[in-house]
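In: What follows is a predicted structure for the sequence shown.
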Amino acid sequence: MNVKGKVTGFIHSGITVKDLEISLDFYVNKLGLELISRQISSNEYISDIVELVNLQEVKIAFIRIPGGNEIELLEYVGMERYPGNVRPCDYGSGHICLKVEGIEEMYEYLKLSGVQFRSKKIVEITLGANKGSKAIYMYDPDGYIIELMEKSTN
């Protein structure tokens with residue numbers, strides 16, 4: 001293999017949202033992730049990166065997952081936008097997996113809070129690297145898939 005340059009780490013994942021305030025309520029207030037920073041950017045370099053004409057601005061928030069990884073939430077303003085809802089099996093879809101403790105209690109709390117789940121129940125993983133762990137798929141306010149996983153202690 002003749003790869004030029006090299007990957008040296010992970011910086012963040014980005015999720016495009018319909019309404020930044022609703023998404024922050026979900027990720028910070030319901031899931032308990034930490035809000036790191038917020039900004040509104042109308043810099044030309046953003047339009048150049050994403051190749052979108054007529055982009056007025058992007059509302060951006062960075063949130064931190066315990067352990068240090070970050071998620072960038074982006075609300076694009078000033079242009080027509082469409083939902084990106086797809087099934088987990090459709091290419092181009094994605095999800096993030098959050099490591100949790102007390103998955104049963106968290107599931108009940110989130111369900112009572114109005115969070116929509118794709119999975120009908122918490123599933124025990126019976127094979128592979130995560131054998132003995134429990135997981136469930138849910139949706140963020142815009143339909144992005146979030147997996148909650150409680151790792152096995154074995």
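Out: Noted; the coordinates are in hand. Residues are numbered from 1 along each chain as shown.
In: so where's this structure shaky on pLDDT?
Out: 1, 154 (pLDDT under 70).
In: and if we set it to 80?
Out: The chain contains residues with pLDDT under 80 at 1-3, 5-8, 42-49, 51-54, 84-87, 89-92, 154.
In: element containing the residue nearest in space to the middle of it, please.
Out: The centroid of the chain falls nearest to residue 96 when counting by Cα atoms, centre = their mean (5.2 Å). Assigned by DSSP states H and E, residue 96 belongs to strand 95-99.
In: What residues of that strand count as buried?
Out: With burial defined by 16 or more other Cβ atoms under 10 Å, the residues of strand 95-99 counted as buried are 95, 98. Where you see a C-beta, it was placed from the backbone N, CA and C, and this is true even at glycine.
In: can I get the CA coordinates of that strand in CSV?
Out: This file holds the C-alpha atoms of strand 95-99, laid out as CSV (Å, rounded to 0.1, in the frame of the first residue of the first chain):
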residue,chain,number,x,y,z
HIS,A,95,-25.4,6.4,13.5
ILE,A,96,-23.4,7.1,16.6
CYS,A,97,-23.1,4.7,19.5
LEU,A,98,-23.0,6.0,23.1
LYS,A,99,-21.7,3.9,25.9
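In: and the angle from the following helix or strand past it to strand 95-99?
Out: As assigned by DSSP H and E, the chain's next helix or strand after strand 95-99 is helix 103-112. With axes from the mean of the first three to the mean of the last three Cα atoms, to 10 degrees defining the directions, helix 103-112 sits at 130 degrees from strand 95-99.
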